[in-house]
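Asks: Got a sequence here, can you build the structure:
(one chain, ligands or ions: 1)
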Amino acid sequence: MAKLSKGSIRALEMLREGHDFAFKMKDNGFNVNGSHLGALVRNELATATDVQLVCECCGAKRKVKRYALTEKGKTFSQDGE
Ligand SMILES: [Zn+2]
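Replies: Predicted structure coming up:
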């Protein structure tokens, strides 16, 4: 597989810590973007599922992707990292 970027490695670490949405990663100080997460999905380290979140305060709905580690993603380590 292609070498993962630093950003993708960081996103994988965040996912392992339980941050399963991009906004949670951002809330925890990592400015993740779609290409970081897309690389994880393309390399079968994670899956992405569309889910609808409803805001508790106002009921606003939004569709976001929830990410989950695959078995490969749980054990993967990149040489030299
Ligand atoms: Zn709201």
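Asks: What residues of the helix ranked longest in the chain count as buried?
Replies: Secondary structure of the chain per DSSP state H: the longest helix is helix 6-16. Neighbour-count burial for helix 6-16, with 16 or more other Cβ atoms under 10 Å as criterion, is recorded at 7-12, 14-15. C-beta here means a position set from N, CA and C on the backbone, and glycine is covered the same way.
Asks: helix or strand for the most far-flung residue of the chain relative to its centre, which one?
Replies: Distance to the chain centre peaks in the chain at C58, reaching 26.2 Å (criterion: Cα atoms, centre = their mean). Assigned by DSSP states H and E, C58 belongs to no helix or strand.
Asks: Write out the residues of this structure neighbouring the ion.
Replies: By Cβ under 5 Å from the ion, the residues of the chain that approach the ion are 55, 57-58, 60.
Asks: Among those, list the two that are farthest apart in space.
Replies: C57 and A60 (8.4 Å; Cβ to Cβ).
Asks: Just want to know which of these two has more residues nearby.
Replies: More neighbours surround A60 than the other of C57 and A60, with 9 against 5 (other Cβ atoms under 10 Å).
Asks: count of neighbours near the closest residue to that one other than its chain neighbours?
Replies: What sits nearest to A60 in space, not counting adjacent residues and going by Cβ to Cβ, 6 or more residues apart in numbering, is V54, at 7.3 Å. Residue neighbour count, defined by other Cβ under 10 Å, stands at 9 for V54.
Asks: Quick check: phi and psi on G59?
Replies: Backbone geometry at G59, expressed as degrees, to the nearest 10, gives phi 80, psi 0.
Asks: Distance-wise, check C55 relative to E71.
Replies: 33 Å (Cβ to Cβ, to the nearest Å).
Asks: what do you get for H19?
Replies: The gap separating H19 from E71 is 19 Å, by Cβ to Cβ.
Asks: neighbour count winner among these two?
Replies: Comparing H19 with E71 by other Cβ under 10 Å, the one with more neighbours is H19, at 19 against 9.
Asks: from memory the more buried one sits against L37, does it?
Replies: No: assessed by Cβ atoms under 8 Å, H19 is found out of contact with L37, at 11.0 Å.
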